[in-house]
Structure formats: structure tokens, C-alpha cells
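Asker: heads up, no residue letters with this:
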């Protein structure tokens, strides 16, 4: 009976990024959770805390849609750059892109990095809940593979030296986004 309730409730994923939507849709479909894209260009608060950013975006999206919604915020935190670009990853990608990150890393021996994803879920008249996924890895010296975002420069520790981009569809098995979505999906299907 619980699954029937969930299938009748429309769940939105608020994003303007079709690539992110497709990843989220694919991952959640393995839990029989169907989502629809709500193409909302949400304002982001300025914060060093991804959880706060996702929390506020989820509140705003839920208020606008008046329906259950999830949002995702993620960041690439590079050790040698003191956690940069972190919560500013989208802006940095738009401005200096992967080439700029690789230039900043040019003489760095420590190439360790962590990709963090925060999924925030909100229902009308309730406070958002957040779920976190974290994948440790490293930054390569040159872009490998195509796709989008930081995928061509980030190698997860569990990927046998392949970047997210080189993993193709197998990225969804190892991604920070998948880990956060798994936590959300387990909670959502049991609520």
C-alpha cells in the first residue's frame, strides 16, 4: 500500500541541467521512484556549506511548485586548493572550466579531491531533509573523456584509474550523486 501512495504523489526534481536530471532519473528509477523535471532557475544563497545551499533551494522550489521536490547541489573539493572550488563549482566551471582547474593544479603533487553531493527533499509546509554522498578520488593532469562538468578530470578511488567521463554509464554505480540518492530513496520508499 505504501508504494501505491508514492506512485500517486508527483515528485519533481528542480534543475536547469538536463544531464543532471537524466542521471537522477536513471538512478531513482532503480528504486521505482519516478520524477519529473521542474526547470527552475533557483537562486543560491552564498555559503561555504553545500547543505545550507541545497536546503534553501529545496524550500524555494517547494514553495514555488507547492509539491514534493528534490534538488541537488554538489561540489568538487580539491585538497591542494584548500577545498576550492567547493560550493562554487558551477560558477568556476562556467568561468575557468576544467582547463583553469588543471592550470591551478599544474605544479601540485597532492591531487586528492572529494566530490560531495547533497540531495534536499521538501514537502509543502515542512522543513527540507538532506542526504549526503561523498566520493574520494583525485584530479588527473589532463582531461580524459567527454561528457559534462568535472567528469573528465575526476578519478574516483574505486574506478581503477578511469575518470567519471571514461566510465560512461557505469559512473552512476560509483558517483557521489548516486550515494546521496540511495540514502534519499531508502528513506522515501519507507516513509
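Answerer: Here it is on my side, so go on. Quick caveat: nothing in here was measured; it's all calculated off a predicted structure. Numbers count the residues shown, from 1 in each chain.
Asker: please count neighbours and contacts with C-alpha atoms only from this point.
Answerer: OK.
Asker: separation between residue 96 and residue 40?
Answerer: 25 Å (Cα to Cα, to the nearest Å).
Asker: which of these two has more neighbours?
Answerer: residue 40 (15 against 12; other Cα atoms under 10 Å).
Asker: let's verify the more buried one: helix, strand, or coil?
Answerer: Classification of residue 40 by DSSP: H, G, I helix; E, B strand; the rest coil places it in coil.
Asker: next up, the contacts around it.
Answerer: 14, 15, 16, 61 (Cα atoms under 8 Å, 6 or more residues apart in numbering).
Asker: out of the residues you listed, who's nearest residue 36?
Answerer: Proximity of the contacts of residue 40 to residue 36 (Cα to Cα) peaks at residue 14, which lies at 8.5 Å.
Asker: so what's the closest one bridging to?
Answerer: residue 38 (DSSP bridges).
Asker: next one: residue 155
Answerer: residue 138.
Asker: number of nearby residues for it?
Answerer: Neighbours of residue 155 (other Cα under 10 Å): 28.
Asker: go on, residue 27?
Answerer: Neighbours of residue 27 using other Cα under 10 Å come to 20.
Asker: tell me if I am right that it is in a strand.
Answerer: No: going by three-state DSSP, the assignment for residue 27 is helix, not a strand.
Asker: what sits against it?
Answerer: With Cα under 8 Å, 6+ apart, residue 27 has these contacts: 172, 178, 181.
Asker: can I get these in a markdown table including secondary structure and neighbour count?
Answerer: Shown next, in a markdown table, are these (DSSP: H, G, I helix; E, B strand; the rest coil; neighbours: other Cα atoms under 10 Å):
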| residue | secondary structure | neighbour count |
| --- | --- | --- |
| 172 | helix | 17 |
| 178 | helix | 25 |
| 181 | helix | 26 |
